[in-house]
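In: sequence below, structure please.
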Amino acid sequence: MKRLIVLALLAVLATSCLVRPSGPSLADARGKPMCDRSQFAAADAMKGPISFLGLPPVELGTDVDWRMDPYRNRSWALNLHSLRWIGRLVVAFETTGDAAPLRRAEQTAHDWVKDNPRGGAGISEWAWAEHAIALRAPALVCLSTYVKADWLSDSLVEHAEVLADPALYEGGHNHGLDQDIALLGIGCRLGVAEWRDLALRRMTDSAQRAIDGQGTLHEQAPRYGVYVHQRLGVAFHSIKECGVGVPSALSARRAALESYIGHAIQPDGRLTAIGDGPADMRPTGFPRPRTTVGVFDGGYVFGRTGWTRDSAFYSIRFGPPRRYHGHEDHMSVTYQAKGRDVLVEAGFHSYEKGAYPKWTVTPEAHNVPVVEGQPFRPGTATRLVGSSITRTRQSYEFTDDAYGVSRTRKVLVNHGRDVLAVLDEVPEGHTLRNLWHLAPGSRPTLVQLEMPACKQIGGRREGKGEISPGYLKRVPSVTITSPAARSLLTVVVPGKAQVTCDGGTVTVGTEDGPVTFPATLTAFRR
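Out: Here you go, the predicted model:
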């Protein structure tokens, strides 16, 4: 008898273990599944091998090896685990009515869930990385339009619990925005108001921390300004689909971003490659700023002669210490004139950990003054201490102690004739060199004068340098390194020019006519 009772109890316990815990479930959900096509990468896994980041395609198969990393590339592994490409398969089903893409999406997502238990031994480090979670959740929500299996319900709940964890939240950063979009989508789909409201509160607070009143994104790369603007557009769509209103403070910050991005777009349509941003990015759809010069307290000066393709354009960096996607580029100048690049920087290569990507972040990869014999102090702020802006010319003065001594840079730009002049100085007893990275194929006139003697000196022209014109790309370039001097004036003209200095007055004979200015860069006249 006792044996029968024990067996009965064991049967009850076994049955109870098979009962799914109560909680949010797709079977009971009344929330609208959001499947915004703009969220998903345009990859079609139905055609065979899949490609990320422009790298050669890889055959995933039906039983995916989620630990694969064929290119030893961090971004490739992130893309694999984000599953955004299965969202594209759902969209393909909706567009064509062919059930095969939907079956493939369900099969792949189920395979991922089965093979990647959170905290499981031997799984990829990217499986539950915070950004992978944030990008994957909207794809799973999209899939839930047609798949309501318990495994998908459980996975969505697990994703939401992780996303809601304050210890894992990346507030004030683009990853945090993606986390908010993901949590909002799950909360609305499963009808969990707590998750929905938390996502909205965090999203608004995060945007106010990340974007200042002028629209500068504090991640220190215009490319991420474009990304955040796009992702806020996705967020607004999701908020409306969820049946709630977009917070006015959130709308205001997104609108402010447009000025920052608009000023950073060069006359040739490419975004200025400052910080972690590829040099071949071409944003579209941003309104033209009301002025030709934008000075942003977050650390940027952008100026141009006009809005035609052959207008001259320049950028200058200053501001708070390096953070997130910024480089050690304070005081760096870029210049474009007559429809082509003149002064460029090494740019953004990748997030890999090799020597070259690491070098692209250093001061030497930018057009900066370097103090001789003094160690560089990373994370030093640079101040804009003076400026004069008129229709035909602009001048600026910057200072910091990034090398333990005061260094100053004055920049003067003439728009009547395309002339850029830069004066770099350090105190008595110290010297500096400056670096100028020329765009491939560019042959500007670049003359350097040791001051105050107005003595012309020649820089060392090094032809073994490299810059990155796009992601994972490297091309040869020329770098000019000046001789050491305490005070050094550099004059740059996009074409042929004659530069003379007499009694502290510099005269530049350009193809468009002469320009004269004092070597101290205190005034500029034609």
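
In: only C-alpha atoms from now on, for both contacts and neighbour counts.
Out: Noted.

In: where in the stretch 301-450 of the chain is pLDDT low?
Out: In the prediction, the stretch 301-450 of the chain carries no residues with pLDDT under 70.

In: so where do the helices sit in it?
Out: For the stretch 301-450 of the chain, applying DSSP state H, counting those that start in this stretch gives helices covering 355-359.

In: contact partners for the residue nearest the centre of the chain?
Out: Geometric centre of the chain, nearest residue: Y224, 3.1 Å, by C-alpha atoms, centre = their mean. Applying C-alpha atoms under 8 Å, 6 or more residues apart in numbering to Y224 gives the contacts 174, 217, 277.

In: ok, and the most crowded of those?
Out: Greatest neighbour count in the contacts of Y224, by other C-alpha atoms under 10 Å, goes to L217: 30 neighbours.

In: where does that residue land on pLDDT?
Out: L217 carries a pLDDT score of 97 in this model.

In: the nearest residue to it once chain neighbours are set aside and S468: what is the separation?
Out: Of all residues beyond its chain neighbours, the one nearest L217 is I211 (4.6 Å), with distances taken as C-alpha to C-alpha, 6 or more residues apart in numbering. Using C-alpha to C-alpha, to the nearest Å, one gets 28 Å for the distance from I211 to S468.

In: same question for L435.
Out: L435 sits 17 Å away from S468, taking C-alpha to C-alpha as the criterion.

In: between the two, which is the more surrounded one?
Out: Between L435 and S468, counting by other C-alpha under 10 Å, S468 is the more crowded of the two (23 against 20).

In: host element of the nearest residue to L449 once chain neighbours are set aside?
Out: Ranked by C-alpha to C-alpha, 6+ apart and with sequence neighbours excluded, the top spatial neighbour of L449 is Q456, at 4.3 Å. Using DSSP states H and E, Q456 sits within strand 455-457.

In: so what does that strand touch, helix or strand wise?
Out: strand 445-450 (3 or more C-alpha pairs under 8 Å, 6 or more residues apart in numbering; DSSP states H and E).

In: closest to G303 among the contacts of Y224?
Out: Nearest to G303 among the contacts of Y224 is L217, at 18.2 Å by C-alpha to C-alpha.

In: mind listing what that closest one touches?
Out: Counting by C-alpha under 8 Å, 6+ apart, L217 has contacts 210-211, 224-225, 257, 298.

In: could you report the neighbour count for F348?
Out: The burial count for F348: 27, using other C-alpha under 10 Å.

In: picking that back up, contacts for the strand holding Q456?
Out: Under the contact criterion C-alpha under 8 Å, 6+ apart, strand 455-457 has outside partners 447-450, 483, 501.

In: now with 6 Å, please.
Out: Strand 455-457 is contacted from outside by 448-449, using C-alpha atoms under 6 Å, 6 or more residues apart in numbering.

In: run me through the strand neighbours of it, direction for each.
Out: Counting by DSSP bridges, the strands paired with strand 455-457 are strand 445-450 (antiparallel).

In: other residues contacting the partner strand?
Out: Residues outside strand 445-450 that contact it (C-alpha under 6 Å, 6+ apart): 455-457, 488-493, 496.

In: now restrict these to buried residues only.
Out: Listed as buried from the contacts of strand 445-450 are 456-457, 488-493; burial here means 16 or more other C-alpha atoms under 10 Å.

In: any chance of the residues you listed in CSV, with secondary structure, pLDDT and distance to P24 too?
Out: Formatted as CSV, the buried ones among the contacts of strand 445-450 follow (DSSP: H, G, I helix; E, B strand; the rest coil; pLDDT from 0 to 100; distance: C-alpha to C-alpha, whole Å):
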residue, secondary structure, pLDDT, distance to P24
Q456, strand, 92, 75
I457, strand, 91, 74
L488, strand, 97, 68
L489, strand, 96, 68
T490, strand, 97, 66
V491, strand, 96, 67
V492, strand, 96, 65
V493, strand, 96, 66
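
In: hey, where'd the helices end up in the stretch 151-300 of the chain?
Out: Under the criterion DSSP H, counting those that start in this stretch, helices of the stretch 151-300 of the chain are mapped to 174-190, 193-210, 222-241, 248-264.

In: other SSEs contacting the second one?
Out: Right, helix 193-210. Under the contact definition 3 or more C-alpha pairs under 6 Å, 6 or more residues apart in numbering; DSSP states H and E, helix 193-210 sits against helix 174-190.

In: 7 Å instead, please
Out: Helices and strands touching helix 193-210, by 3 or more C-alpha pairs under 7 Å, 6 or more residues apart in numbering; DSSP states H and E, are helix 174-190, helix 248-264.

In: switch those helices over to a markdown table; also include mean pLDDT and distance to V515.
Out: Shown next, in a markdown table, are the helices and strands packed on helix 193-210 (pLDDT from 0 to 100; distance: least, C-alpha to C-alpha, whole Å):
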| stretch | mean pLDDT | distance to V515 |
| --- | --- | --- |
| helix 174-190 | 97 | 45 |
| helix 248-264 | 97 | 27 |
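
In: so which helix or strand takes in the nearest residue to A127 once chain neighbours are set aside?
Out: The shortest distance from A127 to any non-neighbouring residue, by C-alpha to C-alpha, 6+ apart, is to H81 (5.7 Å). Per DSSP H and E: H81 is located in helix 74-82.

In: give me the next element, helix or strand, following that helix.
Out: Heading C-terminal from helix 74-82 (DSSP H and E), you reach helix 84-96.

In: after that following helix comes which helix or strand?
Out: Next along from helix 84-96, by DSSP H and E: helix 99-115.

In: got the contact list for that next one?
Out: 46, 62-63, 86, 89-90, 92-93 (C-alpha atoms under 7 Å, 6 or more residues apart in numbering).

In: then stretch 127-146?
Out: Applying C-alpha under 7 Å, 6+ apart, the set of residues contacting stretch 127-146 from outside is 33-35, 78, 81-84, 86-87, 90, 116, 118, 126, 159, 168, 175, 178-179, 182, 185-186.

In: buried ones in it?
Out: For stretch 127-146, burial by neighbour count (16+ other C-alpha under 10 Å) applies to 127-128, 130-144.

In: and that stretch, C-alpha only, in CSV?
Out: Extracted C-alpha coordinates of stretch 127-146, given in CSV (Å, rounded to 0.1, in the frame of the first residue of the first chain):
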residue,chain,number,x,y,z
ALA,A,127,24.6,34.9,-27.1
TRP,A,128,23.5,36.9,-24.1
ALA,A,129,25.6,40.1,-24.6
GLU,A,130,23.5,43.1,-23.8
HIS,A,131,23.4,44.5,-27.3
ALA,A,132,22.6,41.1,-28.9
ILE,A,133,19.7,40.7,-26.5
ALA,A,134,18.3,44.2,-27.4
LEU,A,135,18.6,43.6,-31.2
ARG,A,136,17.2,40.0,-31.0
ALA,A,137,14.1,40.7,-29.0
PRO,A,138,12.3,42.7,-31.7
ALA,A,139,12.9,39.9,-34.2
LEU,A,140,11.3,37.4,-31.8
VAL,A,141,8.4,39.8,-31.3
CYS,A,142,8.0,40.0,-35.0
LEU,A,143,8.0,36.2,-35.3
SER,A,144,5.3,36.0,-32.6
THR,A,145,2.8,37.4,-35.1
TYR,A,146,2.5,33.9,-36.4
